[in-house]
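>>> Whatever this is, show me its structure:
(2 chains)
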Amino acid sequence: MEFSPRVNEDNPDPRIACALLLDTSSSMSGEPINQLNRGFELFCDEIKKDELAKKRAEIAVITFGSMARVEIPFTEGRDIQPRHLAAGGSTPMGAALNLALDQLTQQKQAYKQAGLEYYRPWLFVLTDGEPTDGQVFTTAAARVRETEQARGVSVFAIGVGSAANLTRLQELSTRRAPVKLDGLSFSEFFAWLSASLSAASASNAFGSSDAGVAQAENTGEQIPLPPAGWATA
Amino acid sequence: MWKVIGASVTGSSHQALETGCQDASSWSTRPDVTCLAVADGAGSRPLSGRGAELAVHHAVEIAGAYSGRNVAVDPAAWLQLVFRGVREKIAELAAAEGNDVGDYATTLGVAILTADLACVGQVGDTIAVVGSGDQFRTLAPAGHGEYVNETTFVTDDGALEQLRVTVEPAATLDAVFLSTDGLRFKILADLGTAAPFAPFFEDLAAYTRSAGASAGEIRRFLAGLDDQSGDDKSLIAAVLVQPEPVPDQVSREPQAEPDQAETPETSGSPQAPEPSPARI
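A predicted model of the protein is given here:
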């Protein structure tokens, strides 16, 4: 006799919040911003192809060019749409980091209130230069490290081009060194990001609090990220 | 008498990583006491699958020692003894094998059902649901939220202080279910409060009561379920059924189990798949 009970199909999937901090200062003008736009467009298509990632990954885009702004608030992968980014102005990376941390904190709070479980959020910073809001950056970077230390976020810092100041990017993480994008391979980077979110979404390293997530990571398997073919030594 | 079926299966993410099944389940039925146990070994701890197996085996064995006792025993104290005994058994094995006891880390949920009482003890994020007719309740769910952080394992220091014991009068219940957290998305109505998803438990209770109910079908269901967790899954269902009459065997022990019962004296989670009818 067959057993096929009714099960709850409506419990929400756990979420992986991914904040993308993108440098849109004037030095990104021309081919860099074009490649960045193309790469993000590709990402928006790719993420929708993965059954789990399109439900579990929530992506936010924060730009810093003249000012830091939330270009795309946290949006599920299945709903995310490309937006044309234009380059111009200074590089207020510190303000962008503060904005991102605030958004991530809010997002976690929203998850908890909705009874959603979550993975450790990801924070990506892509820049071709260095912060022009040095003092703000120094404080914000310390805040990022603290959050990372408390296992509240995973930080990935990526330098674009020869003028990227990797020394300053080092301040963002004590766990992961900054890497350089190979040329303008934004498309490769975004394809990797989509594949990485798929891999993370298929893991069970999630919980209902930061400590619960940390334990799930400790006692569970490591999330196997694909090799970063877009990075250079 | 209680009729019991159940199974444990490897989750999809554990299959992909070839870690094997770190869940285990076991039960025993005797005329006067029925014991159920589920355990979920901790992810990457190297021997947690064995820890889970050891835990359910000894839990059922120690809990079953309740059988045949004429003296009244405080069931909550009995559950304490069960969990203490399980900890000792795992510690003995760890010492014998020269390993850290934490290598065998596992959650554990145990139910002891007598004519009078249903007693459930849990360490970690196991799920225990009881039914009365079409009403279902979750017993002492593991806490969730900001201030409740980590799953406790039976091997942890202080695990006995974390033991959640619930004692219910048996007269008000006709079904008891144990599960591990791998099923939570599918069998809970609300992940925050851990309220049970009643239609699932209605169907499970009805199925378990049916004459053709088999552990193999529970296993098949678990293995085929898109569970949103990727985790190993365990499920044990115990339902009250009328003992089958044995009119021709007057000399037989009045409380002996009917021959047709699906519930052997002691049954580990049966590993052998049951033969299924050929399908076209």
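>>> what sits against residue 184?
Went with chain A since none was named. When contacts are counted by Cβ atoms under 8 Å, 6 or more residues apart in numbering or on different chains, residue A:184 is found next to A:31, A:32, A:35, A:160, A:161. From N, CA and C alone the C-beta is placed, and that goes for glycine too.
>>> wait, I meant chain B there
A:11, B:127, B:191, B:194, B:229.
>>> you'd agree the last one is up against residue B:187?
Read it as residue B:229. No - with contact defined as Cβ atoms under 8 Å, residue B:229 and residue B:187 do not form a contacting pair (11.2 Å).
>>> okay, the two: which has more neighbours?
For residue B:229 versus residue B:187, the count of surrounding residues by other Cβ atoms under 10 Å in any protein chain shown is larger for residue B:187: 28 against 23.
>>> Please report the number of neighbouring residues for the residue lying closest to that one once chain neighbours are set aside.
Sequence neighbours aside, residue B:200 is the residue nearest to residue B:187 in space, at 4.9 Å (criterion: Cβ to Cβ, 6 or more residues apart in numbering or on different chains). Neighbour count of residue B:200, defined by other Cβ under 10 Å: 21.
>>> Residue B:3 too?
Neighbouring residues of residue B:3 were enumerated by other Cβ under 10 Å; the total is 21.
>>> the longest helix in chain A is where?
The helix spanning the most residues in chain A, taking DSSP state H as the definition, is helix A:93-113.
>>> what packs against that helix?
Counting contacts by 3 or more Cβ pairs under 8 Å, 6 or more residues apart in numbering or on different chains; DSSP states H and E, helix A:93-113 is packed against strand A:16-23, strand A:57-65, strand A:67-76, strand A:122-127, helix A:134-149.
>>> if we go to 10 Å?
Here helix A:93-113 is seen to pack against strand A:16-23, strand A:57-65, strand A:67-76, strand A:118-119, strand A:122-127, helix A:134-149 when contacts are counted using 3 or more Cβ pairs under 10 Å, 6 or more residues apart in numbering or on different chains; DSSP states H and E.
>>> how about these, which one is nearest residue B:215?
Among the helices and strands packed on helix A:93-113, the nearest to residue B:215 by Cβ to Cβ is strand A:118-119 (34.1 Å).
>>> can you list contacts of that closest one?
Counting by Cβ atoms under 10 Å, 6 or more residues apart in numbering or on different chains, strand A:118-119 makes contact with A:14-18, A:56-58, A:107-108, A:110-112, A:154, A:197, A:200-201, A:203-210, A:212-213, A:216-217, A:223, all of which sit outside it.
>>> and the least confident helix or strand in chain A by mean pLDDT, anywhere near chain B?
Among the helices and strands of chain A, helix A:210-219 carries the lowest confidence by mean pLDDT, DSSP states H and E, at a mean of 78. Yes - among the residues of helix A:210-219, A:210, A:211, A:212, A:213, A:214, A:215, A:216, A:217, A:218, A:219 lie within reach of chain B under Cβ under 10 Å from any Cβ of the partner chain.
>>> Please pick the buried ones from those.
Among the residues of helix A:210-219 next to chain B, those that count as buried by neighbour count (16 or more other Cβ atoms under 10 Å in any protein chain shown) are A:210, A:211, A:212, A:213, A:214, A:215, A:216, A:217, A:219.
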